[in-house]
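Undergrad: Sequence first, then the predicted structure, then my questions.
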Amino acid sequence: MSTPNAPQLVIWLLTARCTQSCLHCYASRFPKQGNLDEKRSFDLLNEMAAFGVNHVGFSGGSIFLRDDSLRLIEHAYRSGITTSIVTSGLDITDEIAEQLANCGTFLFLSIDGPNRKTYERLRGSGSWDYVTGAVEKLRKFSVGFATVMALNKLNWTEAPDCLSLAKDLGATAGCFIPVMPAGRASMDLILQPEELMSTLQKIDKKAEELQFPVSLWCMPFAGLVVQSNFVHYDFCRTYDEMDLDPQGNVLLCDVLDTRPSSVGNKPLSQAWEEQQESQIVKSVIEPELASPCLDCPFRDKCRGGCFARAQLMSGNIHAPDPLCPKVAGLI
Ligand code: SF4
Ligand code: SF4
């Protein structure tokens, strides 16, 4: 299988710094200091533009704790690269929202519960006010946003209500992702396959009822469960993207600490080549499938599902996705 000549998308964890301590934070495992410095960060954006990267998805941590974050977003915009940010909304002010609007930046706003009680169990006291305040500012300056709900043991029964809230708030879509046991997230938060399957069925039904778009992240098996044309899901084993941690390490996936390369001390083009040539990347692009994936209708695209979850939950990156309902014997 051929791989792309350049990443179409770069997911860049700009900083792990944050003033919150959310129970399910995957970025807590990164050092708070030692981010790529400002010069290397701007140079990297220049390399991305020259290399043909279309989009940079900034994540954190709270990226606005980096002094240069807005300037980096503006530089990307002027270089012809579109941007998005995954954020809790914590530090968004009127000034930030206005600048994001000027740069056409899209926001993925973490809304892990449809009410203060559920949200603050995960994100701490006062966090509901931050996120609802952020929504007001985004709407004031017409910044496009989708909501993101990280599905876990403390909120999964409220997923349909969260989708209704997303529509009511003026989001363009509701995104859902299962919490992974990385960083601060313990196994106690991780859903069982039957809980996730039931949640997907309810989200599917609610999307149809609301006629509202849903994006399912990191659930490449979702096609076994969902039917609504409003519900979309992706596959990741094509490797047309690059994930960077705050120090510039290239990550196999942003929830794993496997590092096929780094942009800290070498050009992006070289790091991309090293990523694509690494044995571990090749092995997840073209895995040796076993039962039950071998006779699965989604095998050509899904290719065994989420390898990061397999690694984190079973210790074997080549095991089939433990949350897939077919792997779990539910269908
Ligand atoms: S390996 Fe898993 S967590 Fe990583 S991008 Fe793919 S589906 Fe998502
Ligand atoms: S059985 Fe395997 S290939 Fe099929 S959806 Fe599940 S993880 Fe993917």
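TA: Nice, I can see it. Ligands and ions are numbered 1, 2, ... in the order given.

Undergrad: Okay, the residue nearest to residue 274 when sequence neighbours are not counted and residue 282: tell me how far apart.
TA: Ranked by CB to CB, 6 or more residues apart in numbering and with sequence neighbours excluded, the top spatial neighbour of residue 274 is residue 261, at 3.8 Å. (Glycine included, C-beta is placed from N, CA and C.) Distance of residue 261 to residue 282, given as CB to CB, to the nearest Å: 14 Å.

Undergrad: Just want to know which of these two has more residues nearby.
TA: Using other CB atoms under 10 Å as the criterion, residue 261 and residue 282 rank with residue 261 on top: 23 against 14.

Undergrad: so what's that one bridging to?
TA: Beta-bridge pairing for residue 261 (DSSP bridges): residue 250.

Undergrad: so who does it touch?
TA: 249, 250, 270, 271, 272, 274, 275, 278 (CB atoms under 8 Å, 6 or more residues apart in numbering).

Undergrad: Residue 256 is in contact with the second one, correct?
TA: What that stands for is residue 250. No: contact between residue 250 and residue 256 fails when scored by CB atoms under 8 Å: they sit 11.2 Å apart.

Undergrad: and these two? which has more neighbours close in?
TA: Higher neighbour count among residue 250 and residue 256: residue 250, with 24 against 19, using other CB under 10 Å.

Undergrad: okay, now residue 142: neighbour count?
TA: 10.

Undergrad: Contacts only, for it.
TA: Residue 142 touches residue 101, counting by CB under 8 Å, 6+ apart.

Undergrad: wait, is it part of a strand?
TA: No: the assignment for residue 142 (DSSP: H, G, I helix; E, B strand; the rest coil) gives coil, which keeps it out of a strand.

Undergrad: measure it to residue 56 for me?
TA: Distance from residue 142 to residue 56, by CB to CB: 21 Å.

Undergrad: Could you do residue 237 as well?
TA: According to CB to CB, residue 237 stands 21 Å off from residue 56.

Undergrad: Then residue 73?
TA: Taken as CB to CB, the span from residue 73 to residue 56 is 9 Å.

Undergrad: now residue 17
TA: Taking CB to CB, one finds residue 17 at 19 Å from residue 56.

Undergrad: ok, now residue 222?
TA: Taking CB to CB, one finds residue 222 at 26 Å from residue 56.

Undergrad: Please, where are all the helices along the stretch 101-250 of the chain?
TA: Listed in chain order, the helices of the stretch 101-250 of the chain (DSSP state H, counting those that start in this stretch) span 116-123, 127-140, 159-169, 193-210.

Undergrad: Quick one, which of these gets closest to ligand 2.
TA: Comparing those against ligand 2 with CB to the nearest ligand atom, the closest turns out to be helix 193-210 (10.2 Å).

Undergrad: Which secondary structure state does the residue of the stretch 1-150 of the chain found nearest ligand 1 sit in?
TA: When distances are taken as CB to the nearest ligand atom, the stretch 1-150 of the chain reaches nearest to ligand 1 at residue 11, 8.7 Å away. Following three-state DSSP, the label given to residue 11 is strand.

Undergrad: change the start of the numbering to 779 and stick with it
TA: Yep, numbering from 779; the last one is residue 789 now.
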